[in-house]
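Undergrad: predicted model and sequence below, questions to follow.
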Amino acid sequence: MAASTTLSAPPSVRFSRRFDGLDLAIDELSSELTDTTRERERDRVLLHEPVRRLLGAGFGALRVPVEHGGLGGSLEDLFERLIHLAAIDPNLAHVFRGHIGFVDGLVIDGNRAWADAWLARSASGILVGNAQSERSDTAEVAAVVEPTADGLRLSGTKYYTTGSIYSDWILLTARLGDDRVNVVADASHPGVSSVDDWDGFGQPLTGSGTTVFTSVPIETADVISWSDEDDGAGEYVAAVFQLTLLAVQAGIAAAALRDTVAFVRPRRRIFGFAGEALPRHDALVQQVVGRVSSAADAASRLVLSAARELDTLRTREDKSAAYREAALGVFRVQQILPRIVLDATTELFEVGGASAVGLGYGLDRHWRNARTLASHNPARQRERSIGEYELNGTFATWGREHTPTGAAAASAATAPGA
């Protein structure tokens, strides 16, 4: 008997707070896209239309304050929906990572005139892509911003430019003389070209390939200098960027549970059993599904708990300590969540025999997508940094060292050998 490859779409999700227009659009996308994600990944069908529908419904403006024209949502509101979008299609959720980090950076930015202008733009339905990395043997940045008779011009080539192929503007790192700066470039300029050449085995529809900038005009106001002497806001933004990856992995776990259940329920035979022996009544199959369910639930709870904590920490008066605590909290979650999701997306194959690996079901895509996301920022590096902080009070992230402070500093100063 030929195996059916139809997997059922999830029911409408109740979020803790409702945003009617946006949530209606998400429900519609869930109905339309859930059953076709594996085919779109296989055929490399990019997500231009779903991305624009989400932007039109206000997803990109969810975190923009109401006074700037946005929906005024909390981080919990955002990450609830991001997890659900990732369960529909993890590529679609991942596309918004750069935009999410950019907008939350604006929310806490001290340069109010500049930040307010970009918050208003974000409320209008634009998408900001991300293009920080380059393919090189070192961490040096080759992209440059140079003064010309016609103003500042940007040139360079970036890779891992997630979301940029769909974007209206692109945030990237470049060099201006001896300084490292962030700049915002107009993606519609003829000098900007994004190519769908991402060659990873997972997340194939995110546009995480090459973007080339050739003499692109940059407004002076849109050049932001890097500085080690800040209040640690970069750590908060890094935490939001990382939590976005974790939310997409939580959505993958939810999708893996959904598709595993859909695979098991109609089956009439267990491998090695003669005649009919319904897998859904088998104790071992139930155990596997129970583990996948527990992983999906735990992953979602971890993300939403971290989101609530980030919202709380952001309002504290001691910004530097709060931002450091925010980053540490998310990086600790990073040590746990990918492991349980990767384990679940591997173990789900135990519910069936060789048929479970059939391309028609596409159950392998959950592991491939989760593994790809887990490889973006290797957890082992941050695991060591967490240990260093606990032992010596030194906080390190994004290549910047911070001297010991507070109780950690006192502990380090009195340690044996100090």
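TA: Structure's in. What do you need? Numbers count the residues shown, from 1 in each chain.
Undergrad: tell me which stretches of the stretch 251-400 of the chain form helices.
TA: 283-314, 319-347, 364-374, 379-392 (DSSP state H, counting those that start in this stretch).
Undergrad: which other helices and strands contact the longest one?
TA: Based on contacts counted as 3 or more C-beta pairs under 8 Å, 6 or more residues apart in numbering; DSSP states H and E, the elements that helix 283-314 packs against are helix 75-88, helix 233-264, helix 319-347. All C-beta spots, glycine's among them, are computed from the backbone N, C-alpha and C.
Undergrad: out of these, which is closest to residue 135?
TA: Of all the helices and strands packed on helix 283-314, helix 233-264 sits nearest to residue 135, with 20.0 Å by C-beta to C-beta.
Undergrad: which strands and helices sit next to that closest one?
TA: Using 3+ C-beta pairs under 8 Å, 6+ apart, helix 233-264 sits against helix 75-88, helix 90-95, helix 97-108, helix 283-314, helix 319-347, helix 364-374, strand 395-397.
Undergrad: what average pLDDT does that helix get?
TA: The pLDDT scores in helix 233-264 average 95.
Undergrad: would you mark the buried spots in it?
TA: 233-264 (16 or more other C-beta atoms under 10 Å).
Undergrad: ok now that helix, how far from the chain's centre?
TA: Distance of helix 233-264 from the chain centroid (C-alpha atoms, centre = their mean, to the nearest Å) equals 7 Å.
Undergrad: what angle sits between that helix and helix 283-314?
TA: Relative orientation of helix 233-264 versus helix 283-314 (axes from the mean of the first three to the mean of the last three C-alpha atoms, to 10 degrees): 160 degrees.
Undergrad: want to throw the helices and strands packed on helix 283-314 into CSV with distance to residue 299?
TA: Formatted as CSV, these follow (distance: least, C-beta to C-beta, whole Å):
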stretch, distance to residue 299
helix 75-88, 8
helix 233-264, 4
helix 319-347, 5
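Undergrad: if we compare these, which one ends up closest to residue 108?
TA: helix 233-264 (5.5 Å).
Undergrad: one step back: tell me which of the helices of the stretch 251-400 of the chain sits most buried.
TA: helix 364-374 (a mean of 24; mean count of other C-beta atoms under 10 Å).
Undergrad: okay, angle between that helix and helix 97-108 too, please.
TA: Using the same axes, to 10 degrees: helix 364-374 against helix 97-108 is 40 degrees.
Undergrad: rounded mean pLDDT for helix 364-374, please.
TA: pLDDT averaged over helix 364-374 gives 97.
Undergrad: now do residue 353 against residue 360, distance only.
TA: 15 Å (C-beta to C-beta, to the nearest Å).
Undergrad: same question for residue 224.
TA: Taken as C-beta to C-beta, the span from residue 224 to residue 360 is 48 Å.
Undergrad: ok, residue 58 - contacts?
TA: Shown in contact with residue 58 (C-beta atoms under 8 Å, 6 or more residues apart in numbering): 19, 21-22, 70-71, 125.
Undergrad: which pair in the residues you listed spans the largest distance?
TA: 19 and 125 (14.5 Å).
Undergrad: picking that back up, now the contacts of residue 58 as CSV including neighbour count?
TA: Output for those, formatted as CSV (neighbours: other C-beta atoms under 10 Å):
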residue, neighbour count
19, 20
21, 11
22, 21
70, 21
71, 20
125, 16
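Undergrad: for those residues, which one is nearest residue 188?
TA: For the contacts of residue 58, the nearest to residue 188 is residue 125 (14.2 Å; C-beta to C-beta).
Undergrad: what bits of the chain have low per-residue confidence?
TA: 1-13, 226-230, 271-277, 396-418 (pLDDT under 70).
Undergrad: can you do 50?
TA: Filtered on pLDDT under 50, the chain yields the residue ranges 1-11, 228-229, 398-418.
Undergrad: part of a helix, is residue 152?
TA: No. Residue 152 is assigned strand when assessed by DSSP: H, G, I helix; E, B strand; the rest coil, not a helix.
Undergrad: so who does the closest residue to it other than its chain neighbours touch?
TA: Of all residues beyond its chain neighbours, the one nearest residue 152 is residue 218 (4.3 Å), with distances taken as C-beta to C-beta, 6 or more residues apart in numbering. By C-beta under 8 Å, 6+ apart, the contact list for residue 218 reads 145, 151-154, 183-185.
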